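> dropping the sequence and predicted coords here.
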Amino acid sequence: MRAWIAIFFARRRAFRERVAREATDLMNWTGEMAYAAARRRAREARGRRDHADARLWAKVAVEIARRTGQDIGINGADRYPDPGRRPKEPTRSRREIADRLVDISRGIAALSAGRGDETTLHNIGVAARQIVGLGGSTTALALAADDVIAACEVIPEAPTVEQLASGLYPLMVDEASRALQRLKTLSLAAGG
């Protein structure tokens with residue numbers, strides 16, 4: 001009986017680790033489209049009647065939504081309890097910060113897919129500096145922007161076979177993504 005319990009918990013732990021790994025990979029490779037990609041894969045698996053794969057990708061979608069703060073299962077109309085009251089519009093600086101964050105995210109996705117070049121790195125740097133200006137030019141925000149730029153500079157234009165085999169390349173992309181998340185947190189808090 002104890003062996004069965006140990007096997008059960010080992011499989012459960014392995015499944016959770018795989019979900020976390022797939023979510024990280026999907027977020028790194030597809031950027032802001034990760035949630036939609038996971039949902040699409042879950043739908044395709046259900047269409048093939050592959051219940052194990054459908055369960056995996058549904059859990060990956062939930063994990064991505066948890067990491068990004070996305071609402072799950074809420075229709076657009078359900079988000080606003082009073083139909084006569086519209087949600088407060090974001091300020092112009094918040095919209096501009098969000099646009100620059102998306103630009104950086106797309107740049108990281110291009111670099112991670114091997115489509116980046118010096119122009120991509122330059123555009124990431126420009127967007128990061130614009131975020132600092134829009135967010136109030138605090139020291140913490142400037143350091144976070146520098147971290148994003150530095151993390152993106154170490155991502156090579158195309159990964160070598162050795163980097164992929166050693167697992168080094170995804171770690172570089174993951175570090176750039178974490179630096180972007182820190183910049184996002186600081187900039188949106190400062191941007192009003």
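Yep, that arrived.

> excluding sequence neighbours, find me the nearest residue to the residue nearest in space to the middle of the chain.
What sits nearest the mean C-alpha location of the chain, by C-alpha atoms, centre = their mean, is residue 27, with 4.2 Å. Nearest in space to residue 27, with sequence neighbours left out and distances taken as C-beta to C-beta, 6 or more residues apart in numbering, is residue 34 at 4.4 Å. Backbone N, C-alpha and C define where each C-beta goes, glycine included.

> look through this structure and tell me its longest helix.
helix 2-30 (DSSP state H).

> buried residues, that one. List them.
Using 16 or more other C-beta atoms under 10 Å as the test for burial, helix 2-30 gives 19, 22, 23, 24, 25, 26, 27, 28, 29, 30.

> cool, and stretch 142-151?
In stretch 142-151, counting by 16+ other C-beta under 10 Å, buried: 142, 144, 145, 146, 147, 148, 149, 151.

> chain center to it, what's the gap?
17 Å (C-alpha atoms, centre = their mean, to the nearest Å).

> CA-only coordinates of that stretch, as CSV, when you get a sec.
The C-alpha trace of stretch 142-151 is given here as CSV (Å, rounded to 0.1, in the frame of the first residue of the first chain):
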residue,chain,number,x,y,z
ALA,A,142,16.1,52.5,-14.1
LEU,A,143,17.9,49.4,-12.6
ALA,A,144,15.0,47.2,-13.7
ALA,A,145,15.3,48.5,-17.3
ASP,A,146,19.0,48.0,-17.2
ASP,A,147,18.4,44.4,-16.1
VAL,A,148,16.1,43.8,-19.0
ILE,A,149,18.6,45.2,-21.5
ALA,A,150,21.5,43.2,-20.0
ALA,A,151,19.5,40.0,-20.0
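
> touching that stretch from outside, list them.
104, 121, 124-125, 128-129, 131-132, 172, 175-176, 178-180, 182-183, 186-187 (C-beta atoms under 8 Å, 6 or more residues apart in numbering).

> where does the protein dip in pLDDT?
The chain contains residues with pLDDT under 70 at 1, 73-90, 156-171, 190-192.

> cool, thanks, signing off.
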